[in-house]
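> here's a sequence, model it:
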Amino acid sequence: MGGDDIPARNFRRIMHAKAPPLMLGIDTGGTYTDAVLYREGADGGGSVIAKAKALTTRHDLAVGIAGAVDAVLGEAKADPGAIALVSMSTTLATNAIVEGQGGRAALVMIGFAEADLARDGLKAALGADPVVFVPGGHDVHGNARPLDLAPLEAALPDLAKSVTGFAVCAYFAVRNPAHEIAAAGLIRERTGLPVTTSHELSAKLGGPRRALTTLLNARLVGLIDRLIAATEGFLETRGISAPLMVVRGDGALVSAAFARQRPIETILSGPAASIVGARHLTGLDAAFVSDIGGTTTDVALLEEGRPRLDPEGARVGGMRTHVEAVAMRTFGLGGDSEVVLDDSRLEAELRLGPRRLVPLSLAAKLHGDAITAALQRQLQAANPGRLDGRFAFRAGLPERFAAGLTPVEAQLFAGIPVAPVPLDRLLTGSTQNAILNRLVARGLVMLCGFTPSDAAHVLGKQFNWDTEAARLGAELLARRRDAKGVRIAASAEAMSERVLALLTRKSAEAILETALAEDGHDAAAAIAHPLVQRALDCTSRFARLSVALDRPVIGLGASAPMHYANLSPLVGSDCVLPDHADVANAVGAVVGRVTIRIEAIVTQPEEGRFRLSVGDHVEDFGSEDAAIEAAATLARSEALETARAAGAGECHVETDTQVDAPDIEGQRKFVEARIRATAQGRPRIAGEAATATATA
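I've put the predicted structure just below:
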């Protein structure tokens, strides 16, 4: 038998077998949209068939999605109709929160007092958005207080004209959501605007934090809806009829319809997908995963092959939410971070972020000579100006997102065009800069300026945009002077070297801060301690100081090889840069699973009566055992039903029961029981029946 016979037989056997599913992964980030085609293997593994990137287009997300997906389909020469599943992750919600952007939402607080706004950062998160206080709510056992919706009813006509959505949070709604449901019904009837209720998002106590979570969700509805609609529209035009899934913040997948209703759960979606992708690409069970993008750096811990979930709820942009997500610290640090120069000190200080700017090099590529001409004009001036190298332009959001602007905000907004305009020609006074920043915070306007991406172009480490605009921006920054009258940098190259070195240093600090937080320290204070800073600077002469991680760092992101090249000495550990690190998020999006967790609670309002609360179901029982048994049954049923709605195929459901019943003076005292049901399964693929079964 000839040596070629066995490969030939294998080839014929493969051709007659059913081909493994072809899956499309998409990650929409602040700067780039990534796409991968992934072929699932018969052994549970798989491989990346093709990958591609395109610029994220915030004014019309479909353009960026189309660019990435069309490129990856062309590279693989794949038939769009053969795609069995589409799954996407995104950093848009995370970025919006970090940058303080989103729609304007009205917060309805039922049964709360104004003093409650001071808790859990709710007042700071609310900002200038309106709040309505309504009498009502429930007690810890779900017993109702009198509800009076008159204040809400009176406020709705004006609110309907000035907000894009509503957030409703009632006192102890996790025990009985009846008042939230009533308020939401009234709002929908009178305004037709989207409404988020707190009990839909969390079963945890802590009203102000639930209110904050609900408020953020209401602000993000329009953003995520636009993303999903853009993706669905593009898929339809390309003849891709596969189910569309979205990655949640805990790394699990849910259907697009599910994500539309609960967009807050997509915060940390991109980072969660990157952890799943990092584990898949490296096989490492223990590592710090650091994913650097255009807007943020996201650092998380990989332990025993799984991302660790944050028991306190996701923290993003300094705000602690009730969203169950990976235990991750998000830093406003990336390739497109704003370079800020404080030249009021004797030694000028350079800072990065947290705000994202459109890089000068990118703006020049998109808008041609208008950018470079303005930069050259500013460089020819005798003295440097504080607004040099800065531009503003409209973000391209629909007009309804401009609802609620003050007269001065509306006047300035009207004067900002679609194409970038230099700030020294736009702003006529110092007070207008604050007004401009408010428009940026609303997501209506974007700023353009010098960033680390521009510095990389100046130094020949990045080539995809306009290098001349980057160089001009670096020269404008370098020629500014500190309080002693000394130039900030000798040349554009020196300025750029300083910016990139600072980004690597801040990346190391972000990773070490995460490690210190995992060890239980006040991480921000610890990383700023002079001893830690000296260890990083290697400036101690007699007492040698060092700091090191106990595990490697997996570096992810398209710019990771550049920014993390000198990272290892700073963190005292290896830095692993896997193949396909530039699209790890998109890989993680297609290898994930649907996971739904439902929690039921049993309390004892009075002796001999046990109250079950799960979702909007409240029921009393005469015995503890009966209530707990019913809670387990209902939690399993709801977990399975929700998993089906979230796009799962066959599911495995597990329950965990925790009873709080201390022994007091020899007597058992029942306090409460928590029953959690977790349904998990792979997502349904094209042509698969929408059924699911539960197994113990």
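
> contacts for stretch 536-555 next, please.
For stretch 536-555, the surrounding residues in contact (C-beta atoms under 8 Å, 6 or more residues apart in numbering) are 278, 282, 284, 286-290, 292, 302, 505, 508-509, 511-512, 515, 531-532, 534-535, 561, 564, 567-568, 570-578, 581. Every C-beta, even on glycine, is put in place using the N, C-alpha and C of the backbone.

> next one: it to chain centre, how far?
Its chain's average C-alpha position is 30 Å from that of stretch 536-555, according to C-alpha atoms, centre = their mean, to the nearest Å.

> quote the end-to-end distance of it.
Chord length of stretch 536-555, first to last residue, is 19 Å (C-alpha to C-alpha, to the nearest Å).

> avg pLDDT for that stretch?
Across stretch 536-555, pLDDT averages out at 86.

> in that stretch, which residues are buried?
Using 16 or more other C-beta atoms under 10 Å as the burial criterion, the residues of stretch 536-555 that qualify are 536, 547, 549, 551-555.

> dump these to CSV, plus distance to residue 21.
Shown next, in CSV, are the buried residues of stretch 536-555 (distance: C-beta to C-beta, whole Å):
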residue, distance to residue 21
536, 47
547, 46
549, 38
551, 34
552, 32
553, 33
554, 27
555, 30
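
> which ones among these lie within strands?
With strands defined by DSSP state E, the entries of these inside them are 553-555.

> from the buried residues of stretch 536-555, which two are the most distant?
Farthest-apart pair in the buried residues of stretch 536-555 is 536 and 554; separation 20.8 Å (C-beta to C-beta).

> now for the most centrally placed residue in the chain: which residues touch it?
By C-alpha atoms, centre = their mean, the chain has its centre lying nearest to residue 94, at 2.6 Å. Contact partners of residue 94, counting by C-beta under 8 Å, 6+ apart, are 267-271, 296, 298, 316, 330.

> can you classify it by secondary structure?
helix (DSSP: H, G, I helix; E, B strand; the rest coil).

> how about the one 3 residues further on?
Secondary structure assignment for residue 97 (three-state DSSP): helix.

> my guess is it meets residue 216, correct?
Yes: Residue 97 lies in contact with residue 216 (C-beta atoms under 8 Å); the separation is 6.2 Å.

> which elements pack onto the longest strand belonging to the chain?
Identified as the longest strand of the chain according to DSSP E is strand 594-606. Applying 3 or more C-beta pairs under 8 Å, 6 or more residues apart in numbering; DSSP states H and E, we find strand 594-606 packed against strand 253-255, strand 609-614, helix 624-645, strand 672-681.

> got the angle for it vs strand 672-681?
Angle of strand 594-606 versus strand 672-681, following axes from the mean of the first three to the mean of the last three C-alpha atoms, to 10 degrees, is 160 degrees.

> and strand 594-606, how far from the chain's centre?
That offset, for strand 594-606, works out to 27 Å (C-alpha atoms, centre = their mean).

> pull that strand out as PDB, backbone CA atoms only.
Extracted as PDB, the C-alpha positions of strand 594-606 are listed here (Å, rounded to 0.1, in the frame of the first residue of the first chain):
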ATOM      1  CA  VAL A 594     -24.500  30.600  28.100                       C
ATOM      2  CA  THR A 595     -24.700  30.900  31.900                       C
ATOM      3  CA  ILE A 596     -27.700  32.100  33.800                       C
ATOM      4  CA  ARG A 597     -27.900  32.400  37.600                       C
ATOM      5  CA  ILE A 598     -31.200  32.900  39.400                       C
ATOM      6  CA  GLU A 599     -31.500  33.500  43.100                       C
ATOM      7  CA  ALA A 600     -34.500  32.800  45.300                       C
ATOM      8  CA  ILE A 601     -34.800  34.000  48.900                       C
ATOM      9  CA  VAL A 602     -36.900  32.600  51.700                       C
ATOM     10  CA  THR A 603     -37.500  34.800  54.800                       C
ATOM     11  CA  GLN A 604     -39.700  34.500  57.900                       C
ATOM     12  CA  PRO A 605     -42.000  37.600  58.300                       C
ATOM     13  CA  GLU A 606     -43.600  36.100  61.400                       C
END
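
> may I see the buried residues of that strand?
Going by neighbour count (16+ other C-beta under 10 Å), the buried part of strand 594-606 is 594-604.

> bridged to residue 445, which residues?
Per DSSP bridges, the residues bridged to residue 445 are residue 394.

> residue 410 against residue 402, yeah?
Yes: at 7.4 Å, residue 410 counts as touching residue 402 under the criterion of C-beta under 8 Å.

> between those two, who's got more neighbours?
Applying other C-beta atoms under 10 Å to residue 410 and residue 402 shows that residue 402 carries more neighbours, namely 17 against 12.

> so residue 350 sits against residue 502, correct?
Yes: if you go by C-beta under 8 Å, residue 350 and residue 502 touch, sitting 5.8 Å apart.

> just for this protein, where's the confidence low?
Filtered on pLDDT under 70, the chain yields the residue ranges 1-19, 41-45, 58-59, 98-101, 314-318, 687-696.

> list the contacts of stretch 125-134.
Here stretch 125-134 makes contact (C-beta under 8 Å, 6+ apart) with 100, 104-114, 117, 147-149, 151-152, 155, 159, 162-163, 183, 212, 215-216, 319.

> next step: those residues restricted to strands.
Reading strands off the contacts of stretch 125-134 with DSSP E, I get 105-110, 319.

> domain parsing of the chain, as residue ranges.
Domain assignment for the chain by automatic domain parsing gives 20-97+225-297, 103-219, 337-498, 593-681.

> of the ones you listed, which is nearest residue 326?
domain 20-97+225-297 (4.8 Å).

> quick one: that closest one to chain centroid distance?
Between the centre of domain 20-97+225-297 and the centre of its chain there are 13 Å (C-alpha atoms, centre = their mean).

> and residue 640, how many neighbours does it have?
For residue 640, the count of nearby residues is 22 (other C-beta under 10 Å).

> help me confirm that it comes into contact with residue 681.
No: using C-beta under 8 Å, residue 640 is not in contact with residue 681, being 9.5 Å away.

> helix or strand right after the one helix or strand residue 362 maps to?
Counting by DSSP states H and E, the element that carries residue 362 is helix 360-367. Sequence order places helix 369-380 as the next helix or strand after helix 360-367, per DSSP H and E.

> what residues of that following helix count as buried?
Along helix 369-380, these residues count as buried under the neighbour rule (16+ other C-beta under 10 Å): 371-372, 374-375, 378.

> of those, which is the nearest to residue 662?
For the buried residues of helix 369-380, the residue nearest residue 662 by C-beta to C-beta is residue 371; the value is 67.7 Å.

> skip the chain neighbours and tell me the closest residue to that closest one.
Ranked by C-beta to C-beta, 6 or more residues apart in numbering and with sequence neighbours excluded, the top spatial neighbour of residue 371 is residue 364, at 4.0 Å.

> quick one: that neighbour and residue 372 touch, right?
Yes: assessed by C-beta under 8 Å, residue 364 is found in contact with residue 372 at 5.6 Å.

> for residue 520, which of the domains of the chain is the nearest?
In terms of C-beta to C-beta, the element of those nearest to residue 520 is domain 20-97+225-297, at 16.4 Å.
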